[in-house]
Each structure stands twice: as C-alpha cells, then as structure tokens.
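1. have a look at this fold, sequence not included:
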C-alpha cells in the first residue's frame, strides 16, 4: 500500500533495504507505525467496497504525527 516501501523493496535505485530485506524508520514511533499498518489494512479491506465504509478512528493526540508519517510513506 505504501509507495515509499514498495519503491525501497523493488526499485533498482540503490536502496540498501532491498539487499538487506529490512526497513527501519527511526523517525516514526512504533505506535504511529502500527496505526499506519492498521490503515493499510483498512484501506485494502474497503477498496472497491459497495457497503458503507466505517470511519477510520484516529486519536486526536496521534493525528499530527500520523499525518506526517503518512505523508512520508505516501499512503
């Protein structure tokens, strides 16, 4: 779901992550990365859905940090 992660793992652009098969994001906390992964699943689950899509809840205290991480990961 993340264009950034996909690019890191599949492009021939010289990303070290491709050869090591490991990606780390030291600037993104575990709590935020977990929420981003939950959103990836949510997005995949409801893409092309014909049913009513429930709200993806984000705690207000995580909103800004989550927005910055999402922008970085290009989700």
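-> Cool, the structure landed. If you're wondering where the values come from, they're calculated on a predicted model, not measured in any experiment.
2. my read: residue 29 touches residue 65, true?
-> Yes. Using C-beta atoms under 8 Å, residue 29 makes contact with residue 65 at a distance of 7.2 Å. Heads up, the C-betas are built off the backbone N, CA and C, glycines and all.
3. overlap in contacts, these two.
-> Between them, residue 29 and residue 65 share no contacting residue under C-beta atoms under 8 Å, 6 or more residues apart in numbering.
4. which residues in the chain form helices?
-> Ranges of helices in the chain, per DSSP state H, are 3-10, 16-20, 30-46, 63-73.
5. right, and those - which one's nearest residue 57?
-> Closest to residue 57 of the helices of the chain is helix 30-46 (C-beta to C-beta; 9.8 Å).
6. got the buried residues for the closest one?
-> 32, 35, 36, 39, 42 (16 or more other C-beta atoms under 10 Å).
7. now find how far off-centre that helix is within its chain.
-> Computed by C-alpha atoms, centre = their mean, to the nearest Å, the separation of helix 30-46 from the middle of its chain amounts to 6 Å.
8. same question, stretch 61-75
-> Between the centre of stretch 61-75 and the centre of its chain there are 9 Å (C-alpha atoms, centre = their mean).
9. which residues are contacting that stretch?
-> 1-5, 25, 27-29, 31-33, 35-36, 39-40, 43, 58.
10. follow-up on the earlier one: in a markdown table: the helices of the chain, plus mean pLDDT and distance to residue 52.
-> Shown next, in a markdown table, are the helices of the chain (pLDDT from 0 to 100; distance: least, C-beta to C-beta, whole Å):
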| stretch | mean pLDDT | distance to residue 52 |
| --- | --- | --- |
| helix 3-10 | 78 | 28 |
| helix 16-20 | 77 | 38 |
| helix 30-46 | 90 | 10 |
| helix 63-73 | 90 | 23 |
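11. still on that earlier bit, which among the buried residues of helix 30-46 gets closest to residue 12?
-> Checking the buried residues of helix 30-46 against residue 12 by C-beta to C-beta gives residue 36 as the nearest, at 25.7 Å.
12. state the distance from the closest one to residue 30.
-> 11 Å (C-beta to C-beta, to the nearest Å).
13. all good on my end, thank you.
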